[in-house]
Each structure stands twice: as structure tokens, then as C-alpha cells.
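Provided below are the primary sequence and the corresponding predicted coordinates.
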Amino acid sequence: LRARLKDPSLLVTQAYVAGAWIDADDGATMEVRNPARGDVICTVPNLGRAETARAIAAAQIAQKEWAARTGKERANVLRKWFDLMMANQDDLGAILTAEMGKPLAEAKGEIAYGASFIEWFAEEAKRIYGETIPGHMRDKRITVIKQPIGVVGSITPWNFPNAMITRKCGPALAAGCGFVARPAEDTPLSALALAVLAERAGIPAGLFSVVTSDKKGAVGIGKEFCENHAVRKLTFTGSTEVGRILLRQAADQVMKCSMELGGNAPFIVFDDADLDAAVEGAMASKFRNNGQTCVCANRIYVQAGVYDAFAEKLSAAVRKLNVGDGLEAGVTTGPLINMDAVEKVEEHVADALAKGASIITGGQRHALGGTFFQPTVVAGVTDDMLVTNEETFGPLAPLFKFDTEEEVIEKANATIFGLASYFYARDVGRITRVQEALEYGIVGVNTGIISTEVAPFGGVKQSGLGREGSHHGIEDYLEMKYICLSI
Ligand code: ADP
């Protein structure tokens, strides 16, 4: 990997804590593997609570001076960080593909997407407006100011090793907060590369740290975030299961939390849909990142009149996917992140087949071996199957047949999750009814791609708390202070 980088210094094997590049206090390390090849890329420090506490203490000190700067001063530093990310897009993309597996073009796309949050929130740093409220008595003047919440602890998953962090640290740093990032154990290298560029951009020492650890270490780091009084906010992206644990832990300190949790996205194709567009949207939504996103279509509902035609067109598109090592040219679909992920897809396929579904294409581990899996379409899926109720997080497109609008809305909403949803239709009355009826934080209408830094991303129900992106995104990192002045 190092040989293919234009700037090999972006591939670092130490953690970035309190403005210094460090090893673990006890010298512990962990391996970072390439999921396409199974080999070890390098090792990074396996940190614990002690190093995390030092990162928090440094962030608390650095944050005071950072918050005292003007919005424009903070914006200028963040803008430099954005520029450096874009200037190093190829290298950051290659590092990301090597540790996570997504095809290089997608990885580079993620770098641009991730960087866009730094750019967007750099601009927003200048627009943290307060408010004046007419006084309630003749001698009273009321103002409301917004201030940074303080030090933020962040825990992120492996599926977007860059963007899941920038979506959080962009608004946090723009608001004037300090930030301690704990990247996923599978993908620490992208986070460390971000730290190299943060240092070069002039982010003050200590303000932004990256504490790397294995999965066991994450538990201790999560506890440190929740028990250390200097941390005033926890931001997490990951499963609903772990989100619940962290919310419980955070309750002891009454800590403000943002949670981007699991989804179970319905993707609905009505009879009046443009079928080719619907297939294109389904491919993007379902198979991007090999099905490993929390907004991936998980249940594809197709109205009876177009069911067969849609199934045929979708399967034809799926058969054209080119599975392989994401660093090789022409590959559209990488490996799954690990063997657990493969087993989950297998379990969902086997359960669906046992309960009466049938495979149209795929359905098995790929001949390439390792964690590669065939892009799969399964037809005749029903409500009692595992795939209906759990996020597959893999390349499995399950097709359900439905008859009426009322029926499909009820099915689409019959889940504890409420992150993304999609539907394809042309009738304007139907479009209006369905977009209002879907109990989701995000609705894609006639599109399978909804992620952008300018819009508020987030879920309802057990999919989460808070929103990331857009002018709303910075609010999660601000406190409101009401000042009552008697004159
Ligand atoms: P995923 O399936 O995407 O890995 P998880 O919710 O299991 O989703 O993990 C998301 C992140 O949270 C990972 O980086 C993981 O190491 C971390 N994590 C898992 N359990 C805990 C915990 N109890 N406390 C803190 N972090 C955790």
C-alpha cells in the first residue's frame, strides 16, 4: 500500500493523542487487515482509558482558546483541512479501500463526501446566530447566545471510515468544541490520515485526537467518554444495540447524545414508476458499499403489476456487477468487511429459502473466497423472514410483492427503525401521500441516493437522535444560553 501512495507519510501507525503521535502506554498493538486479501496491512496502537483521558484533558484545554477565536478564524483552519483532504483524495481513497474494501472510485467518492462536511461546517462557523427576544418587563432585555458544548467524544463504524468522522468533527470544531475520535477497530488508518492533515492544516495541538483500539478497548473508551466530567457530548454512529448501551451509560452524566443507529430501509416501486429509473435507484441504494450502509434498501416492495418486469431488470443489472479487490480497475463490488458479515448474509438467504423464497441470482459465497459474496436477488419474500425484520448489511436484495398503497405503507412502517426510505412513483397525489405517511427521517422519492452535506441526515424511532449535515447539524454541538439583563 505504501508504495502506491504519492505521500506515504499519510499512512501512519501511531495514534494521535493530545497533539502527539504515540504508542499505547503498555505497548499494545492491533492488526489492521485488508478484507480483499486477508493480509495484515500494519499494526496500530491498541489504546485504553488512560490515553483517552489524556486526549480529553488536552481537548478541554485547547478548546478554550479555539472557542475564543472568531468563527472566521476557525473557518479558515477548517477550510485548509478541507483543501488538504481534496489535494490528497487519491491517497486517502487508496488507504480507505485497503482497510475497508470498497472499490477505489467509491472510496475517493467518500473522501470528497467526507471533506464536504468540513467545507460546509467551516462556512457555518460564521453563522452561529443568537437571538433577541422582546423583554417580558419594561426594564428587561433578553438575548440568547449559542456556545460550544465543550469536549465531544465520538465513536464511529467501519463502513464510512472517513465520512462518519468528518460528519461529526466538522460541526463540532466549527462550533468551537474539542473532539476525541475513536474510529472503528477495522478502519483506524483513514482516521489517522485525517489527523495528519489536521495537524498540517493548523488544527491546534490537543483539540482533535484519534484514539485507536480494538473492539474490547472500545468498551473502556466508551466508558471514559461517559464517566469523564470533561466530556459534555457523545456522538455515535453504529448499531441500535450499542447505541442503547451508550445512551444508558451517558445518562449518569446527563450527557447530550447524538445517535445515528441502524435502519431497515423500505424501497417501494409503484405500478406507475419509471422502471428503469427504479432499477438504477435500487442498484445504487442496495449495492453501494456492497450493501453495507445504514441507508441501504433492505426491503424492496414491488407492486404486483410491475413485479416480474422489475425483478427481471434488477437481476440483469445485478449480474453485471463486477466483484473483486477494490484496488483493481473495473471492480464495482468489494468484499464484505469480515466473516461475521458473510455469515449474516448467508443466514438471511437460508432463512428466506426455508420459508418459501427463491433465488433469482447469486445466493452464495463468491468463488474468489475470503469475505466475497455473490450479489444476490431473492424473490417471494414475506413478512415472517429474518431479512424483513433485521438489517442484512450485505449484497442481498429481497423482493416483496404488494397490491395497494395502504398495504405497502403499513408494511414499510412496521419496524422499530426509521432512518431512510425510498419510493418510485409518478402520480403526484400518491407521491404526496406516501412521502407524508412514511415514518422515516429521510425519504428518497424517485432517487436511491440521498446523502449530501447540505441536508439533515438522521433517523426517527430507534434509528437515532439528532441530525448530521445541513445548517441544523451544528445545533447538536451548541448550547443555548439565555441572558436576562435588567437595565
Ligand atoms: P458495526 O456493526 O457497524 O460495527 P457496532 O454498533 O457494533 O456497529 O459498532 C460501532 C462502533 O462502536 C465500533 O467502532 C465498535 O467498536 C464500537 N463499540 C461496540 N461496542 C461498544 C461499547 N460497548 N462501547 C463503546 N463502543 C462500542
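All right, it came through fine.

Looking at this structure, which residue reaches furthest from the middle?
Relative to the mean C-alpha coordinate of the chain, counting by C-alpha atoms, centre = their mean, the farthest residue is residue 138 (49.4 Å).

Go ahead and confirm residue 123 touches residue 75.
Yes. Judged on C-beta atoms under 8 Å, residue 123 makes contact with residue 75 at a distance of 6.6 Å. Placement of C-beta: from N, CA and C, glycine included.

For these two, indicate the residue with more neighbours.
residue 75 (21 against 15; other C-beta atoms under 10 Å).

pretty sure that one belongs to a helix, no?
Yes. Assignment of residue 75 by DSSP: H, G, I helix; E, B strand; the rest coil places it within a helix.

contacting residues around it?
Contacts for residue 75 (C-beta atoms under 8 Å, 6 or more residues apart in numbering) come out as 122-123, 125-126, 174.

hey, C-alpha coordinates of the helix or strand in which residue 90 is found in CSV?
In this assignment (DSSP states H and E), residue 90 forms part of helix 89-100. Backbone C-alpha positions of helix 89-100 (Å, rounded to 0.1, in the frame of the first residue of the first chain) are rendered in CSV as follows:
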residue,chain,number,x,y,z
GLN,A,89,-8.0,12.4,-2.3
ASP,A,90,-6.2,9.6,-4.2
ASP,A,91,-4.1,8.6,-1.3
LEU,A,92,-6.9,8.8,1.2
GLY,A,93,-9.0,6.8,-1.1
ALA,A,94,-6.4,4.1,-1.5
ILE,A,95,-5.9,3.8,2.3
LEU,A,96,-9.6,3.6,2.7
THR,A,97,-10.0,0.9,0.1
ALA,A,98,-7.1,-1.1,1.6
GLU,A,99,-8.6,-1.2,5.1
MET,A,100,-12.3,-1.3,4.3
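
Now do that helix: which elements does it pack against?
With contacts defined as 3 or more C-beta pairs under 8 Å, 6 or more residues apart in numbering; DSSP states H and E, the packing partners of helix 89-100 are helix 104-124, helix 188-201.

Tabulate the ones you listed in JSON lines, adding columns for distance to residue 224 and mean pLDDT.
Shown next, in JSON lines, are these (distance: least, C-beta to C-beta, whole Å; pLDDT from 0 to 100):
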{"stretch": "helix 104-124", "distance to residue 224": "25", "mean pLDDT": "98"}
{"stretch": "helix 188-201", "distance to residue 224": "17", "mean pLDDT": "98"}
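
now these in a markdown table, with distance to the ligand?
What follows is the helices and strands packed on helix 89-100, written out as a markdown table (distance: least, C-beta to the nearest ligand atom, whole Å):
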| stretch | distance to the ligand |
| --- | --- |
| helix 104-124 | 15 |
| helix 188-201 | 10 |
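
Would you confirm that residue 298 belongs to a strand?
Yes. Using three-state DSSP, the assignment for residue 298 is a strand.

Contact partners for it?
Per C-beta under 8 Å, 6+ apart, neighbours of residue 298: 263-266, 387, 391-392, 398.

Touching, residue 17 and residue 51? I think so.
Yes. Judged on C-beta under 8 Å, residue 17 makes contact with residue 51 at a distance of 5.4 Å.

Let's see the pLDDT reported for the residue nearest the centre of the chain.
Nearest to the mean C-alpha position of the chain, by C-alpha atoms, centre = their mean, lies residue 164 at 4.3 Å. Reported pLDDT at residue 164 in the predicted model: 98.

ok so residue 232 is a strand residue?
Yes. Per three-state DSSP, residue 232 lies within a strand segment.

Next to the ligand, which bits of the stretch 51-200 of the chain? Give me the list.
155, 157, 184-185 (C-beta under 6 Å from any ligand atom).

Common neighbours of residue 17 and residue 51, please.
With C-beta under 8 Å, 6+ apart as the test, residue 17 and residue 51 both reach residue 211.

Where does pLDDT dip in the stretch 101-250 of the chain?
Nowhere does the stretch 101-250 of the chain drop to pLDDT under 70.

picking up where we left off before, export the helices and strands packed on helix 89-100 to TSV and append columns for distance to residue 481.
As requested, the helices and strands packed on helix 89-100 are exported to TSV (distance: least, C-beta to C-beta, whole Å):
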stretch	distance to residue 481
helix 104-124	19
helix 188-201	29
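
quick one: which of those is nearest residue 280?
Across these, residue 280 has its closest neighbour in helix 104-124 (16.2 Å, C-beta to C-beta).

could you point out which element follows the closest one?
strand 131-133.

partners of that next one, with directions?
Strand pairing for strand 131-133, using DSSP bridges, gives strand 140-148 (antiparallel).

what comes up buried for the strand it pairs with?
146, 148 (16 or more other C-beta atoms under 10 Å).

which residues sit against that strand?
Outside strand 140-148, the residues touching it (C-beta under 8 Å, 6+ apart) are 63, 67, 128-136, 175-177, 477-487.
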